[in-house]
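In: Sequence and predicted model, in that order:
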Amino acid sequence: AEIIIDDEGESYEEEDTGVKIKYSLTSDEIKSFVKRSEIYQRNKKVQKKHTVVQSIFFVLMITFAIIFKSRYYAWLSVYAVVFLALIWLIPVIGVRRIVKKMFFNEEITAEIFTDKIEIVRGGQKREITLDGSCDYEEYDNMIIISSPCDGLSLIIPIRAIEPEFRAEVQAMLLAGSKSDNKEKKEEKIFKNIFRPI
């Protein structure tokens, strides 16, 4: 991490300093992000419902196989076992595919200013405006900034921010975004900024 100056300011007097960080995401960080997403959580609920249905079907077929002494019902119970396996395997495979696609081990550069974040990844430059419209979340030692306007999300692992810049970066991101318990987070961050050395 390093202190930088926003060279796109309109005049010299308006120069804004920010923090530049470079990092690569690990597979665990991407998995954590994916598993916390709304789509994944919704699919997890559907997965549980289908598991219950297939389990009931399996028990019924085994019961019928025993009562009627018929192999036909025993074979039908195998379908339930196969579907149960698929219900639990497909999401795992899906998450692995997402991890491979989601810039795994690719270097990301984020320049964080009070009013924006400039992101460079694979030669492409993107920008998230910190105008209060973005969502701020912090979990599993990651900061997630999501822009509802363009659907862009930025994952910043806390490990990528050096301790002396951490409170400042969190304060800038929190000030330019919205959060459910923003006041508590701001209080904690500002205590870290102004704590005695």
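Out: Sure thing, it's come through.
In: which strands and helices sit next to the helix or strand encompassing Val59?
Out: In this structure, Val59 sits in helix 38-68 according to DSSP states H and E. Using 3 or more CB pairs under 8 Å, 6 or more residues apart in numbering; DSSP states H and E as the contact test, the elements touching helix 38-68 are helix 71-101. C-beta: built from backbone N, CA, C; applies to glycine.
In: measure the most centrally placed residue in the chain to Ile21 for me?
Out: Nearest to the mean C-alpha position of the chain, by CA atoms, centre = their mean, lies Phe33 at 2.4 Å. According to CB to CB, to the nearest Å, Phe33 and Ile21 sit 17 Å apart.
In: if we can go back for a sec, what about the residue nearest to the centre of the chain, which SS state?
Out: helix (DSSP: H, G, I helix; E, B strand; the rest coil).
In: ok, the helix or strand encompassing Glu138: who's next to it in the sheet?
Out: Following DSSP H and E, the helix or strand that holds Glu138 is strand 134-139. Counting by DSSP bridges, the strands paired with strand 134-139 are strand 142-147 (antiparallel), strand 177-178 (parallel).
In: Other residues contacting it?
Out: Strand 134-139 has contacts (CB atoms under 8 Å, 6 or more residues apart in numbering) with 32, 36, 128, 143-148, 170, 173-174, 176-179, 182, 185.
In: Point out where the protein drops to low pLDDT.
Out: Applying pLDDT under 70 to the chain picks out residues 1-3, 5-15, 103-104, 179-197.
In: repeat that for 90
Out: 1-17, 26-28, 30-31, 33-41, 91-92, 94-106, 121-124, 132-133, 146-153, 176-197 (pLDDT under 90).
In: Can you give me the neighbour number for Ile155?
Out: 20 (other CB atoms under 10 Å).
In: Kindly report the same for the one 10 residues further on.
Out: When neighbours are defined as other CB under 10 Å, Phe165 has 16 of them.
In: these two touch, right, it and Val19?
Out: Yes - here Phe165 reaches Val19: they are 5.1 Å apart, a contact under CB atoms under 8 Å.
In: Quick one: the strands paired with strand 134-139 as JSON lines, columns for mean neighbour count and distance to Arg159 too.
Out: As requested, the strands paired with strand 134-139 are exported to JSON lines (neighbours: other CB atoms under 10 Å; distance: least, CB to CB, whole Å):
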{"stretch": "strand 142-147", "mean neighbour count": "20", "distance to Arg159": "9"}
{"stretch": "strand 177-178", "mean neighbour count": "16", "distance to Arg159": "21"}
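In: Same list (those) but as a markdown table, adding distance to Ser153.
Out: Output for the strands paired with strand 134-139, formatted as a markdown table (distance: least, CB to CB, whole Å):
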| stretch | distance to Ser153 |
| --- | --- |
| strand 142-147 | 4 |
| strand 177-178 | 12 |
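In: Which among those strands is found nearest to Lys44?
Out: Comparing these by their distance to Lys44 (CB to CB), the top pick is strand 142-147, with 18.8 Å.
In: could you turn that closest one into PDB, dropping everything but the C-alphas?
Out: Extracted C-alpha coordinates of strand 142-147, given in PDB (Å, rounded to 0.1, in the frame of the first residue of the first chain):
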ATOM      1  CA  MET A 142     -12.600  -8.800   3.500                       C
ATOM      2  CA  ILE A 143     -14.200  -5.500   2.500                       C
ATOM      3  CA  ILE A 144     -16.800  -5.700  -0.200                       C
ATOM      4  CA  ILE A 145     -17.900  -2.600  -2.000                       C
ATOM      5  CA  SER A 146     -20.900  -3.100  -4.400                       C
ATOM      6  CA  SER A 147     -22.200  -0.500  -6.800                       C
END
